[in-house]
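here you go, sequence then predicted model.
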Amino acid sequence: MNSDDAMVKVSTEVKDQFRWTALVEALMVILTIETINRFFYPEYPGFMGIHPHPLWIVAIILPLRHPFREGLAAGLMAGSVMAWHMIANRAGGFDYSVITLFSDFLEPVLLLCTAMFIGDRIGVMRETICQLTSDLQEAGIEVTALDEKCRANHEALRLLDTRIITQMSSVLDLVKSLSSTRNMTIEEIRCDILDKIVEHISAWDTTFYSLTEKGLVETERRVAHAHRGAEAIQRVSPESDPVISEALRDRRIAFLSEFVREDDMERARGMCLMARAIMVNENRTIGVVAVHGLGFIDYNPYNFKLFDTITDLWSSTISERMAFEELSNKSIFNEELGAYNTHYFRARFKGEFERATQYSFPLSVALLDIVDFTETRQEIRRDLQSVLAKVITAEVTELDLVARYAEPSVFAIIFPGIMADEARQKMDKVLREIADFGFAPYKDNERIIELRWGVSEYVIGMAEPEEMLVIAQSDMEGV
């Protein structure tokens, strides 16, 4: 039996139990009326000459206050008292015919009938009121439930709205970030992939594995500052990780849940949570991006899709950059940079070196490097290289050659027919011109551009042009 059935049973038992409160109250009212009659109105024995009779109070008031049976009993008591007064006042002078008895005792009978009627109606009204109260309570419960449901729906809509705004902001940020990759090298784009994954899907440990002839090699890794301890976690090798192997084989995003059950999570220690192959021109795989650290609540379909989108977009960027660099390396002059390419520089420098060796002509070469190039603002690096190339080209002669050399931050200048001292004078002039521009390309806006340079010249007995470049490199580094 549940609690509701028990409450119904108890209330039914209480309702069926006769209570004497109504009779006590009726007796008190009758005694009060009798007392008033005896001491204040003795000329009206039993108030029989008063209409309506005071005992109607018992017949009307008490049935209103008590259940049907108790009210009826109180009315019967009042009617009996009234009948007794009538008998006592007539002192046996009754005509015991039906009509006479009905006429003489009409008021007590009416009193009793009134008590019965009021008690019955009051009982019906009470039951109706109880039913209405119960219905109102049930309706109140339903309204409360609907109100809670409405609030829950509003909260869900608010969360959905917040999530949509957040996701839209993430997409817009990705589009904006994607546009800035045009000034990045392939190495910088690889780092940027990991930065965006850490930023947008809250991954705290991500790695870029490059695919080489020797297999997968870790080239970049990002660990969130709050999870530096993750660096000490022993990870399985990428070749042994089934998630990475699956991503390489099927060239899609792969998940740890595909290989490890929930009741065997110990076997998953050291494996990555998800991975995706990075493909470039004609679906050529160059590496894998793997996520080793991700919060439980962040391991959801939205972040899976975002991870797939980021790696796909940045794969396209790497593919475009590789194609551009390959095309640039095949060309003689880099139009974007405003200087000759490295392969043409080497070919031209080799020819000048052979001519200097054969005819003992003077030959000098200079290397110019931007100090802390990685600390410059990423969005202006390409423009910075282009401006520097134009400034250098404007300060040297047409016979001199300005080219990009090895690293993105290094320029090489060939000075045919001049000695090292004259080459140093030209480099001093170049540096003064650059200083006049007052470049401030670093992340610290107060920091002016810093350059270092070195010069070397051909010395009889040199066998290879690389010897001159090594000396210029040492001079630039102050060795």
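Sure, I can see it. Numbering: from 1, shown residues only.

surely Gly438 meets Ile448?
Yes - using C-beta atoms under 8 Å, Gly438 is in contact with Ile448, at 6.4 Å. In short, each C-beta sits where N, CA and C put it, glycine included.

more neighbours, the two?
Higher neighbour count among Gly438 and Ile448: Ile448, with 13 against 8, using other C-beta atoms under 10 Å.

three-state assignment of the nearest residue to the more buried one once chain neighbours are set aside?
Excluding the flanking residues, the one nearest Ile448 by C-beta to C-beta, 6 or more residues apart in numbering is Ala440, at 5.7 Å. What DSSP: H, G, I helix; E, B strand; the rest coil gives for Ala440 is coil.

going forward, the N-terminal residue is numbered 22.
Yes, from this point I'll number from 22; that puts the last item at Ala461.

run a quick neighbour tally on Ala461.
If you count neighbours by other C-beta under 10 Å, Ala461 ends up with 14.

pLDDT at it, what is it?
With respect to pLDDT, Ala461 has a value of 88.

got phi/psi on it?
phi -130, psi 70 (degrees, to the nearest 10).

secondary structure class for Val238?
Val238, by the three-state scheme (three-state DSSP), is strand.

that one: what's it in contact with?
Listed by C-beta atoms under 8 Å, 6 or more residues apart in numbering, the contact set of Val238 reads Tyr230, Ser231.

so which helix or strand takes in the residue nearest the centre of the chain?
Per C-alpha atoms, centre = their mean, the C-alpha nearest to the average position across the chain is that of Arg184, at 6.1 Å. Element membership of Arg184, judged by DSSP states H and E, is helix 127-201.

need phi/psi at Tyr230.
Phi and psi for Tyr230, reported as degrees, to the nearest 10, are phi -100, psi 120.

hmm, it is touching Gly308, no?
Yes - the pair Tyr230 and Gly308 passes the contact test of C-beta under 8 Å, sitting 5.4 Å apart.

touching both of the two, which residues are there?
Leu237, Thr240.

now Thr332. Nearest residue, chain neighbours left out?
Excluding its sequence neighbours, the residue lying closest to Thr332 (C-beta to C-beta, 6+ apart) is Arg297, at 4.6 Å.

that neighbour reaches Glu267, doesn't it?
No - using C-beta under 8 Å, Arg297 makes no contact with Glu267, being 10.3 Å away.

shared neighbours of these two, anything?
Ala275.

higher neighbour count, the two?
Arg297 (24 against 18).

state whether the more buried one is indeed within a helix.
No - per three-state DSSP, Arg297 lies outside any helix segment and is strand.

if I pick it, what's in contact with it?
By C-beta under 8 Å, 6+ apart, Arg297 lies in contact with Ala268, Arg273, Ile274, Ala275, Val309, Val310, Phe328, Asp329, Thr332.

the third one: neighbouring residues, count only.
What that stands for is Ile274. Count around Ile274 with other C-beta under 10 Å applied: 19.

nearest residue to it in space, please, no chain neighbours.
With C-beta to C-beta, 6+ apart as the criterion, Ile274 has its nearest non-adjacent residue at 4.5 Å, and that residue is Arg297.

got a pLDDT number for the one you found?
Reported pLDDT for Arg297: 90.

tell me the bridge partners for it.
When bridges are called by DSSP bridges, Arg297 pairs up with Val310.

roughly how far does it sit from Ile331?
9 Å (C-beta to C-beta, to the nearest Å).

and Val164, how far from Gln158?
Val164 is 10 Å from Gln158, where distance means C-beta to C-beta.

just the ones in helices from the contacts of Arg297, please.
Ala268, Phe328, Asp329, Thr332 (DSSP state H).

out of those residues, flag the one nearest to Met103.
Phe328 (95.4 Å; C-beta to C-beta).

I'd say that closest one and Ile222 touch.
Yes - using C-beta under 8 Å, Phe328 is in contact with Ile222, at 5.7 Å.

hey, what's in contact with both of the two?
Common neighbours of Phe328 and Ile222 (C-beta under 8 Å, 6+ apart) are Val312.

and the helix or strand hosting Ser337, how far out from the chain middle?
Assigned by DSSP H and E, Ser337 belongs to helix 322-351. Taking the mean of its C-alpha atoms, helix 322-351 sits 26 Å from the chain's own mean (C-alpha atoms, centre = their mean, to the nearest Å).

and it with helix 127-201, angle?
Interaxial angle, helix 322-351 versus helix 127-201 (axes from the mean of the first three to the mean of the last three C-alpha atoms, to 10 degrees): 10 degrees.

and helix 322-351, what's buried?
Judged by neighbour count (16 or more other C-beta atoms under 10 Å), helix 322-351 contains these buried residues: 324, 327-328, 331-332, 334-336, 338-340, 342-343, 349.

and which of those residues is nearest Thr378?
Among those, and counting by C-beta to C-beta, the member closest to Thr378 is Ser349, at 30.0 Å.

just the mean pLDDT for stretch 66-73, thanks.
Mean predicted lDDT for stretch 66-73 stands at 65.

could you report the distance from Arg403 to Ser352?
17 Å.

compare the two (neighbour count), which wins?
The residue with more neighbours, out of Arg403 and Ser352, is Arg403; 16 against 12, by other C-beta under 10 Å.

just how off-centre is the strand or helix carrying the more buried one within its chain?
Taking DSSP H and E as the criterion, Arg403 maps to helix 402-416. Taking C-alpha atoms, centre = their mean, the mean C-alpha location of helix 402-416 is offset from the chain mean by 45 Å.

just the CA trace of it, in CSV.
Output in CSV follows, covering the C-alpha atoms of helix 402-416 (Å, rounded to 0.1, in the frame of the first residue of the first chain):
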residue,chain,number,x,y,z
ARG,A,402,56.7,38.6,-41.9
ARG,A,403,56.2,38.3,-45.6
ASP,A,404,55.9,42.1,-46.0
LEU,A,405,58.9,42.6,-43.8
GLN,A,406,61.0,40.3,-46.1
SER,A,407,59.7,42.1,-49.2
VAL,A,408,60.5,45.6,-47.9
LEU,A,409,64.0,44.6,-46.7
ALA,A,410,64.7,43.0,-50.1
LYS,A,411,63.7,46.2,-51.9
VAL,A,412,65.8,48.4,-49.6
ILE,A,413,68.9,46.2,-50.1
THR,A,414,68.3,46.1,-53.9
ALA,A,415,68.0,49.9,-54.0
GLU,A,416,71.4,50.3,-52.2
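
neighbours around the closest residue to Tyr230 other than its chain neighbours, how many?
Excluding its sequence neighbours, the residue lying closest to Tyr230 (C-beta to C-beta, 6+ apart) is Leu237, at 4.2 Å. By the criterion of other C-beta under 10 Å, Leu237 has 20 neighbours.

if we can go back for a sec, turn the ones in helices among the contacts of Arg297 into a markdown table, including distance to Phe374 and pLDDT.
Formatted as a markdown table, the ones in helices among the contacts of Arg297 follow (distance: C-beta to C-beta, whole Å; pLDDT from 0 to 100):
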| residue | distance to Phe374 | pLDDT |
| --- | --- | --- |
| Ala268 | 48 | 86 |
| Phe328 | 51 | 85 |
| Asp329 | 51 | 86 |
| Thr332 | 45 | 85 |
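
circling back: tell me the contacts of the residue nearest to Ile469?
Per C-beta under 8 Å, 6+ apart, neighbours of Ala461: Glu467, Arg468, Ile469, Ile470.

do Ser340 as well
Met300, Val301, Asn302.

again, only using 6 Å
Val301, Asn302 (C-beta atoms under 6 Å, 6 or more residues apart in numbering).

done for today, thanks.
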